[in-house]
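>>> here are the coordinates; sequence isn't available:
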């Protein structure tokens, strides 16, 4: 009886290890996909290049992802998950008395300048002529934005009651993303970018404060 129990426990331990090993390999492939896009661009990224970048065999690559698009979809989800986790931590670390926008605004801009987001920019550009890729990016981006703002509401509940919050957030988000694209190939100088970022942050803080003040007046 004890032998059977020991065997069962060993089988479970082996199964857990195999599952963990498989998850780690999948993560390597996902990161490898992003690294390939940064280095080669989406069009020139292949399953073989991803496997080589991730240091896995072609068979292992095929086992986890049946096509390049499947690997890219997982890479996009991974990138968004990392960004959301960073955002959540940033909101929790805002010192008392500080405006949360100071932290989240700077974080969003920092993320837009990381290598993996540069890979995302390449995907957005490629999706213009690739319907399959566009169909992957569109819902993933919508889920990301919704989760980002839910994070904000969870840590700063009063924002959830601002009627124009989405419009104000769109102003900051899309301007920063536009600037990030403008920074590609140095189309915008560092000085001009810095001025635009400071102006937009100031404007966003003023708009949110104004909306919060209006809400307080309505309560009276």
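Yep, it's here. Quantities reported herein were computed from a predicted structural model and do not represent experimental measurements.

>>> from here on, contacts and neighbour counts on C-alpha atoms
Noted.

>>> buried sites along the strand or helix carrying residue 143?
According to DSSP states H and E, residue 143 maps onto helix 131-155. If you call a residue buried by 16 or more other C-alpha atoms under 10 Å, then helix 131-155 has these buried ones: 133-134, 136-137, 144-145, 148-149, 151-152.

>>> can you tell me the average pLDDT over it?
For helix 131-155, mean pLDDT rounds to 92.

>>> how about the strands of the protein, start to end?
For the chain, no strands are identified by DSSP state E.

>>> domains in it, as residue ranges please.
1-66, 69-220 (automatic domain parsing).

>>> okay, now residue 185: neighbour count?
7 (other C-alpha atoms under 10 Å).

>>> hey, which helix or strand in the chain has the poorest pLDDT?
helix 2-40 (a mean of 75; mean pLDDT, DSSP states H and E).

>>> who touches the residue most central in space within the chain in this structure?
The residue lying closest to the centre of the chain (C-alpha atoms, centre = their mean) is residue 80, at 2.5 Å. Contacts for residue 80 (C-alpha atoms under 8 Å, 6 or more residues apart in numbering) come out as residue 144.

>>> State the pLDDT value of it.
Residue 80 carries a pLDDT value of 92.

>>> per-residue pLDDT, residue 74?
At residue 74, pLDDT is 95.

>>> Measure how buried the closest residue in space to it that isn't next to it in sequence is and give me the count.
Distance criterion C-alpha to C-alpha, 6 or more residues apart in numbering; nearest residue to residue 74, sequence neighbours excluded, is residue 30 at 6.3 Å. Residue 30 has 26 neighbours, counted by other C-alpha under 10 Å.

>>> quick one: contacts for residue 30?
Contact analysis of residue 30 by C-alpha under 8 Å, 6+ apart lists 71-72, 74-75, 78.

>>> What's the separation between it and residue 115?
Between residue 30 and residue 115 the computed distance is 14 Å (C-alpha to C-alpha, to the nearest Å).

>>> Also residue 55?
20 Å.

>>> so residue 91 touches residue 102, yeah?
No - assessed by C-alpha atoms under 8 Å, residue 91 is found out of contact with residue 102, at 10.2 Å.

>>> what about the two, which has more around it?
residue 91 (18 against 13).

>>> Please report how far that one lies from residue 107.
10 Å.

>>> do the same with residue 50
In this view, residue 50 and residue 107 are 29 Å apart by C-alpha to C-alpha.

>>> more crowded one of these two?
Neighbours per residue (other C-alpha under 10 Å) separate residue 50 from residue 107, with residue 50 holding more: 26 against 15.

>>> pLDDT at that one, what is it?
pLDDT at residue 50 comes out at 96.

>>> can you tell me which residues contact it?
Contacts of residue 50 (C-alpha under 8 Å, 6+ apart): 29, 32-33, 36.

>>> from the residues you listed, which is closest to residue 167?
Distance to residue 167 across the contacts of residue 50 (C-alpha to C-alpha) is lowest for residue 33, with 33.4 Å.

>>> Wait, that closest one touches residue 72, no?
Yes - using C-alpha under 8 Å, residue 33 makes contact with residue 72 at a distance of 6.5 Å.

>>> the more surrounded of the two?
A direct count of neighbours by other C-alpha under 10 Å for residue 33 and residue 72 places residue 33 higher, at 31 against 26.

>>> Now that one. Nearest residue, chain neighbours left out?
Using C-alpha to C-alpha, 6+ apart and skipping residues adjacent in sequence, the residue nearest residue 33 is residue 50, 5.3 Å away.
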